[in-house]
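Engineer: Sequence first, predicted coordinates after that:
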Amino acid sequence: MMFWYDHNVGGWGWFAMSAGMLLFWAVIITVAVLAIRALSRPHEHTHVTAAPSPEQLLAERFARGEIDEEQYQRSLATLRSGGSSGPFIKT
């Protein structure tokens, strides 16, 4: 019975100690959960988009009206045949 009613440890003192203990363990558990989530998350890789194919570039130019249908068909046939008889598209 040394410290039961002496040294100002009354009802509020016990409440403060209990609340402090709950807060302490809540912080410890929260830090542990966040650390586990951060370590177990797969690493994000930057996705490099592939350059458009020559046929896609040709189709885009045709869609924008930079070349007419005859030039488009001729250039597309050249691309698909694999030949390189000069520049594909005249500007």
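Structural biologist: Nice, thanks for sending it over.

Engineer: so the residue positioned nearest the centre of the chain is in which element?
Structural biologist: Residue closest to the average C-alpha location in the chain (CA atoms, centre = their mean): residue 44, at 6.1 Å. Of the helices and strands defined by DSSP states H and E, none includes residue 44.

Engineer: Model confidence at it, what's the number?
Structural biologist: On the pLDDT scale, residue 44 is placed at 74.

Engineer: Likewise for residue 51?
Structural biologist: For residue 51, pLDDT reads 87.

Engineer: before we move on, what about residue 8?
Structural biologist: pLDDT, residue 8: 59.

Engineer: Equivalent analysis for residue 38, please.
Structural biologist: Residue-level pLDDT assigned to residue 38 equals 89.

Engineer: Same check on residue 4?
Structural biologist: At residue 4, the model reports a pLDDT of 56.
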